[in-house]
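Visitor: let me see the structure of the following:
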Amino acid sequence: MHDSLLAIQGKVVNAGDEEFEAYRSVWNKAADGTPHLIVVPVNEIDVSLAVLYAEKSGKTVCVRGGGHHFAGFAVQDDAVMIHMRGLNHIVVDEFNKTVKVGAGATIGELDRVTQSYGFAVPTGTSSGTGIAGLTLGGGFGHLRRQYGLTIDQLVSARLVLPSGEVIQVSENENTEIFWGIRGGGGNFGVVTEFEFRLHNVGPEVSVLDVFYPISQFRTVMTKLIEAPRTAPDVISFHLLVSPLPMNRNYTPTMQGQWVIRILGMANHNADEGMKLLEAFRTLAKPLLDESGIMPYNALQSRLDANFPDSVYYDGTSVFLETLTPDAIQLMESLLVDNPQPVSLQLWMLGGQMNRPAEDATAFPIRNADWAVFINAAGSDRDRLQQRAEWMRRAIQDIRDHSDSATRYANAIGVTETMDDSLPRDVYGVNYARLQTLKRRIDPRNTFRHNVNIRDGV
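Guide: As a prediction, this is how the structure comes out:
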């Protein structure tokens, strides 16, 4: 065994070892790579040694945090997989309102700790998602319009470079790399720790959770066209158009029925927050309204059941600068021919996440009113393939209504990773600058299992 591997204090798991299958498994069953070996670090030095081994042996590196990306970047054939879940420390600095977070922590773990102090970091909306992948791709959730993206909260990070060197990045140290990791994915190294600003949130918040019949899609969406520009920043919500899950929370007649679900929150005085949300509860006659005051952490895990483990998934996305009546009509017609289970999500943007300049961070999408995500799922690869073909046709039709072809790094599906136009679509106006940084930091492209920054593309 290579000297670097012998010095690792954690585990080195090889194919054939009893634990190999468990460590290589990820949320999306369609991601089925077989790594060269898996390193399970117990400290930052282990991460450095694993990267050094990969560099010296000519291998690439893939990194598993939460293992929750649609594209399955965490598990890749013949790569050195670094399984970060053990590095999940969370340390709150109550005085400075910051928190240091190990790169293996999940959103749910972070929320549970920070909420015990009455704070939160603006993150995503699925408690099992890893903090690292979410942050490096941008990261938006229920607090995006009030406080911005997850990357907008980043104070500093610790990063292992291809050489194995560990550096600190911030607005004052290694500033270009700090710019690059805020939206540039894992292209420059392995982040071992993040430091975020904290905000006062909860412990209870005003929650919007209302269900409208699919027949009211055009009515509901038409009333929401101007919402990104007119709604107060404290309000964020997104629409999930899909069949209701077969679960005991819904009556038998509602289970499996296609609905428009609007889920979000107002981070405000609880009673005043519910008043602010009232207009969005009466866009049409609702089938069901579960809105109310609830713990922030309950909201953060409210969609977990919609994306169960061990299912085959694919996904895609596009940002819309404005939502037009023609785009609404197109989406309505697409939903008529929607093969189950495919879901359409529309996220209202605007507010604080759109105030930084498009080149302030590597994440370039700072002028869109809406993000559109389409997710396909299946119990096996054949069913997924059929639904994914519809998904790709649908998103292309929707892109024709966008002023740009921008896509979201955290919503890239398995099939999109082979698309040559993907990096430019994701990184937009910042791509050339990211290419220059990539050439300097990782010329061998050791860190390529991401929305990869490549020369000449």
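
Visitor: so which helix or strand takes in the closest residue to residue 263 other than its chain neighbours?
Guide: Nearest residue to residue 263, sequence neighbours excluded (C-beta to C-beta, 6 or more residues apart in numbering): residue 209, at 5.2 Å. In short, each C-beta sits where N, CA and C put it, glycine included. With elements taken from DSSP states H and E, the one containing residue 209 is strand 204-213.

Visitor: swap in residue 246?
Guide: Judged by DSSP H and E, residue 246 forms part of no helix or strand.

Visitor: beta partners of residue 40?
Guide: Beta-bridge partners for residue 40, by DSSP bridges, are residue 11.

Visitor: next secondary structure after the strand holding residue 209?
Guide: Proceeding C-terminally, strand 204-213 gives way to helix 217-224 as the next helix or strand, assigned by DSSP H and E.

Visitor: what is the burial count for residue 446?
Guide: 23 (other C-beta atoms under 10 Å).

Visitor: could you do residue 408 as well?
Guide: Using other C-beta under 10 Å as the criterion, the residues surrounding residue 408 number 24.

Visitor: next one, pLDDT for it please.
Guide: Looking at residue 408, its pLDDT is 95.

Visitor: can you check the one 5 residues further on too?
Guide: The model reports residue 413 with a pLDDT of 88.

Visitor: need the contact list for it.
Guide: Contact analysis of residue 413 by C-beta atoms under 8 Å, 6 or more residues apart in numbering lists 70, 71, 313, 314, 315, 316, 376, 388, 391.

Visitor: and those residues, which of them are in helices?
Guide: Filtering the contacts of residue 413 for membership in helices, criterion DSSP state H, returns 388, 391.

Visitor: point out where this structure drops to low pLDDT.
Guide: Residue ranges of the chain with pLDDT under 70: 1, 247-248, 339-341, 405, 456-457.

Visitor: leaving out sequence neighbours, find the closest residue to residue 165.
Guide: residue 48 (7.6 Å).

Visitor: what helix or strand does that neighbour sit in?
Guide: Counting by DSSP H and E, the element that carries residue 48 is helix 44-57.

Visitor: and that helix, how far out from the chain's middle?
Guide: Distance, stretch centre to chain centre, for helix 44-57: 26 Å (C-alpha atoms, centre = their mean, to the nearest Å).

Visitor: likewise for stretch 188-205?
Guide: Relative to the mean C-alpha coordinate of its chain, stretch 188-205 is positioned 14 Å out (C-alpha atoms, centre = their mean).

Visitor: buried set for it?
Guide: By neighbour count with 16 or more other C-beta atoms under 10 Å, stretch 188-205 contains the buried residues 188-199, 201-202, 204-205.

Visitor: for that stretch, measure first residue to last.
Guide: Distance across stretch 188-205, first residue to last, is 37 Å (C-alpha to C-alpha, to the nearest Å).

Visitor: next: stretch 288-308.
Guide: Across stretch 288-308, the straight-line distance between its terminal residues is 23 Å, by C-alpha to C-alpha.

Visitor: and the contacts of that stretch?
Guide: By C-beta under 8 Å, 6+ apart, stretch 288-308 touches 27, 107-108, 111-112, 115, 120, 125-128, 141-142, 201-211, 240, 242, 245, 247, 250, 254, 263, 265, 270, 273-274, 277, 281, 313, 343, 375.

Visitor: filter those residues down to just the ones in strands.
Guide: Among the contacts of stretch 288-308, the ones falling in strands (DSSP state E) are 120, 204-211, 240, 242, 263, 265, 313, 343, 375.

Visitor: can I have the buried ones of those as a PyMOL selection?
Guide: A single PyMOL command is used to select the members of the ones in strands among the contacts of stretch 288-308 judged buried by 16+ other C-beta under 10 Å:
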select buried, resi 120+204+205+206+207+208+209+210+211+240+242+263+265+313+343+375
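
Visitor: I'd guessed residue 70 sits against residue 414; true?
Guide: Yes: proximity of residue 70 to residue 414 meets the contact threshold set by C-beta atoms under 8 Å, at 6.7 Å.

Visitor: who's more crowded, the two?
Guide: Set side by side, residue 70 and residue 414 show unequal neighbour counts under other C-beta under 10 Å, the larger going to residue 70 at 26 against 21.

Visitor: next, work out how far apart that one and residue 415 are.
Guide: Using C-beta to C-beta, to the nearest Å, we find residue 70 at a distance of 10 Å from residue 415.

Visitor: ditto for residue 36
Guide: To residue 415, residue 36 is 24 Å away according to C-beta to C-beta.

Visitor: which parts of the stretch 51-200 of the chain are strands?
Guide: Applying DSSP state E, counting those that start in this stretch to the stretch 51-200 of the chain gives strands spanning 61-64, 80-83, 90-93, 98-102, 119-120, 154-160, 166-170, 190-197, 199-200.

Visitor: what packs against the strand holding residue 209?
Guide: strand 258-266, helix 270-277, strand 288-289, strand 292-295, helix 296-300 (3 or more C-beta pairs under 8 Å, 6 or more residues apart in numbering; DSSP states H and E).

Visitor: so which of the ones you listed comes closest to residue 364?
Guide: Evaluated over those, closeness to residue 364 peaks at strand 258-266, with 24.5 Å, by C-beta to C-beta.

Visitor: would you list the strands that that closest one pairs with, along with their directions?
Guide: Using DSSP bridges, the strands paired with strand 258-266 in its sheet are strand 204-213 (antiparallel), strand 235-243 (antiparallel).

Visitor: residue 98 is in contact with residue 196, correct?
Guide: Yes: the pair residue 196 / residue 98 is scored as a contact, 6.5 Å apart, by C-beta under 8 Å.

Visitor: pull up the overlap in contacts between those two.
Guide: When contacts are counted by C-beta under 8 Å, 6+ apart, the set common to residue 196 and residue 98 consists of residue 155.

Visitor: what's near enough to touch residue 281?
Guide: For residue 281, the set of contacting residues under the criterion of C-beta under 8 Å, 6+ apart consists of 208, 210, 289, 291.

Visitor: just give the nearest non-adjacent residue to it, would you?
Guide: residue 210 (5.0 Å).

Visitor: before we move on, back to that, what is the neighbour count of the residue nearest to residue 165?
Guide: By the criterion of other C-beta under 10 Å, residue 48 has 22 neighbours.

Visitor: what sits against it?
Guide: With contacts defined as C-beta under 8 Å, 6+ apart, residue 48 is in contact with 160, 164, 165, 166.

Visitor: residue 2 versus that one, what's the distance?
Guide: The spacing between residue 48 and residue 2, counted by C-beta to C-beta, is 14 Å.

Visitor: swap in residue 353?
Guide: Residue 353 sits at a distance of 44 Å from residue 2 (criterion: C-beta to C-beta).

Visitor: between the two, which is the more surrounded one?
Guide: In this view residue 353 and residue 2 are compared by other C-beta under 10 Å, and residue 353 has more residues nearby, 27 against 12.

Visitor: the more buried one touches residue 366, doesn't it?
Guide: Yes: at 7.3 Å, residue 353 and residue 366 qualify as touching, with contact defined as C-beta under 8 Å.

Visitor: out of the buried residues of stretch 188-205, the closest to residue 179 would be?
Guide: Distances from the buried residues of stretch 188-205 to residue 179 were compared by C-beta to C-beta; the smallest belongs to residue 188, at 10.4 Å.
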